[in-house]
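> Predicted coordinates and the sequence they were generated for:
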Amino acid sequence: MYTTQTMEQLKQEIPTLIIKTEEDLAAYTFTKTGGKADLFVMPTSHDLAAKTIAFAHTNQIPLTILGNGSNLIIKDGGIRGIVMYLDALHAIKREGTRIIAGCGAKIIDVSRFALEESLSGLEFACGIPGSVGGALYMNAGAYGGEISDVLIEATVLTATGELLHLQKDQLEARYRKSSIADKHYIVLEAVFELELADKMQIRLKMDELTEMRESKQPLEYPSCGSVFKRPPGHFAGKLIQEAGLQGYQIGGAQVSKKHAGFIVNIDHATATDYMNLIEHVQKTVFEQSGILLETEVKIIGEDK
């Protein structure tokens with residue numbers, strides 16, 4: 001456990017950093033599950049984020065980056081070391097046809113900002129619940145669009161706290177992955193190139209996509225979004241449905257009756273319930289179809 005002594009060191013070296021101990025991480029995930037963080041820090045500037053990363057690297061303390069917690073399961077034993085929560089880095093601004101957004105900004109809010117500025121290209125993101133940092137990390141996408149379609153550059157920190165400005169080709173974006181994930185970069189800011197368009201047409205497209213999302217997805221329950229990647233030539237939800245698993249439940253976690261690609265928290269589920277259900281779904285679908293479903297959701301932390 002990294003608590004009192006490490007916290008005192010942090011306070012001395014980075015006095016303006018917001019620091020909490022034994023913070024309950026369930027409050028920061030969409031599934032409402034997860035244990036506690038030894039140390040939970042909230043940088044309010046790029047400089048404080050860089051100093052925190054450098055501190056963790058120099059002192060060999062494990063560092064975990066937490067964004068919006070939308071496509072994430074934190075295990076019930078919590079996270080050792082430092083958890084850096086980037087929600088405060090959420091500024092969004094416009095420069096010409098470009099939007100510059102902080103890593104902590106919700107990608108939904110960026111799409112809404114684009115609408116107000118009559119800029120088209122981020123309509124597909126109007127229902128993606130994650131942060132800008134998380135969206136870049138996994139090249140998030142929906143309804144035929146993905147972040148790499150409009151992203152042109154990003155400002156990141158390396159695992160040692162070095163600041164880098166990366167162009168689109170350096171981000172090596174592909175289906176639900178990027179070099180940000182591969183090289184353990186920490187996103188600070190992203191620049192999107194959009195196009196001027198009629199605000200009403202942008203709004204109509206976003207309304208259409210929102211209606212489709214609300215009609216198909218189980219938004220009435222906590223969930224981590226789409227749990228599995230789409231297998232080539234198939235749909236994960238359809239395979240799960242065909243395996244007779246829609247509505248299947250372990251503990252408080254259930255394969256959604258509305259959309260089988262989602263696992264929802266219907267009754268105080270634990271992260272262990274989620275992981276056991278994911279494993280059961282993978283095993284059953286593989287036995288029936290020969291297809292092994294890969295998880296899209298990220299699972300981190302310690303077992304209880």
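That came through fine. Numbering: from 1, shown residues only.

> Let me know the helix or strand that the residue most central in space within the chain is in.
Most central in the chain under CA atoms, centre = their mean is residue 134, positioned 4.0 Å from the mean C-alpha point. Under the criterion of DSSP states H and E, residue 134 resides in helix 132-137.

> Whichever helix or strand comes after that helix pairs with which strands?
Downstream of helix 132-137, the next assigned helix or strand under DSSP H and E is strand 141-142. When pairing is defined by DSSP bridges, strand 141-142 lines up against strand 145-146 (antiparallel).

> quick one: contacts of the partner strand?
123, 124, 125, 139, 140, 173 (CB atoms under 8 Å, 6 or more residues apart in numbering). Every C-beta, even on glycine, is put in place using the N, C-alpha and C of the backbone.

> list the buried ones in stretch 97-111?
Neighbour-count burial for stretch 97-111, counted by 16 or more other CB atoms under 10 Å, picks out 97, 99-111.

> Which ones among these map onto helices?
Among the buried residues of stretch 97-111, the members falling in helices (DSSP state H) are 107, 108, 109, 110, 111.

> wait, which of the residues you listed is closest to residue 239?
residue 107 (27.4 Å; CB to CB).

> so the closest one makes contact with residue 136?
No - in this structure, residue 107 is not within contact of residue 136 by CB atoms under 8 Å, at 9.3 Å.

> Beyond the strand or helix carrying residue 189, next helix or strand please.
Element membership of residue 189 [criterion: DSSP H and E] is strand 186-193. Using DSSP H and E, the helix or strand that follows strand 186-193 towards the C-terminus is strand 195-196.

> Just the residues contacting that following strand, thanks.
Here strand 195-196 makes contact (CB under 8 Å, 6+ apart) with 97, 118, 119, 120, 121.

> Give the partner strands of it in its sheet and their orientations.
Here strand 195-196 is paired, per DSSP bridges, with strand 119-120 (antiparallel).

> quick one: contacts of the partner strand?
Taking CB under 8 Å, 6+ apart as the rule, strand 119-120 contacts 94, 97, 99, 114, 194, 195, 196, 197, 201, 202.

> Out of the residues you listed, which comes closest to residue 129?
Nearest to residue 129, judged by CB to CB, of the contacts of strand 119-120 is residue 114 at 16.7 Å.

> Tabulate the ones in helices among the buried residues of stretch 97-111 (JSON lines), appending pLDDT and distance to residue 72.
Shown next, in JSON lines, are those (pLDDT from 0 to 100; distance: CB to CB, whole Å):
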{"residue": "107", "pLDDT": "95", "distance to residue 72": "15"}
{"residue": "108", "pLDDT": "95", "distance to residue 72": "17"}
{"residue": "109", "pLDDT": "97", "distance to residue 72": "19"}
{"residue": "110", "pLDDT": "98", "distance to residue 72": "19"}
{"residue": "111", "pLDDT": "97", "distance to residue 72": "21"}
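
> Quick one: the helices in the chain, in order.
Using DSSP H, helices in the chain cover 4-13, 46-58, 107-116, 132-137, 179-182, 199-216, 236-242, 271-289.

> Any idea which of those gets closest to residue 78?
Among the helices of the chain, helix 271-289 comes nearest to residue 78, with 9.7 Å by CB to CB.

> Mind giving me the packing neighbours of the closest one?
strand 72-74, helix 236-242, strand 249-250, strand 253-255, strand 262-265 (3 or more CB pairs under 8 Å, 6 or more residues apart in numbering; DSSP states H and E).

> Relative to residue 37, which of these is closest?
Nearest to residue 37, of the helices and strands packed on helix 271-289 and by CB to CB, is strand 72-74 at 8.8 Å.

> quick one: average pLDDT of that closest one?
On average, the pLDDT along strand 72-74 is 95.

> partners of it in the sheet?
Strand 72-74 pairs in its sheet with strand 298-300 (parallel), by DSSP bridges.

> got the buried residues for the strand it pairs with?
Buried residues in strand 298-300, counted by 16+ other CB under 10 Å: residue 300.

> cool, stretch 172-180 as well?
172, 173, 176, 178, 179, 180.

> so who does the first one touch?
The neighbours of residue 172, taking CB under 8 Å, 6+ apart as the test, are 178, 179, 182.

> picking that back up, any chance of the helices and strands packed on helix 271-289 in JSON lines with distance to residue 61 and mean neighbour count as columns?
Formatted as JSON lines, those follow (distance: least, CB to CB, whole Å; neighbours: other CB atoms under 10 Å):
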{"stretch": "strand 72-74", "distance to residue 61": "18", "mean neighbour count": "26"}
{"stretch": "helix 236-242", "distance to residue 61": "37", "mean neighbour count": "20"}
{"stretch": "strand 249-250", "distance to residue 61": "34", "mean neighbour count": "18"}
{"stretch": "strand 253-255", "distance to residue 61": "32", "mean neighbour count": "25"}
{"stretch": "strand 262-265", "distance to residue 61": "31", "mean neighbour count": "26"}
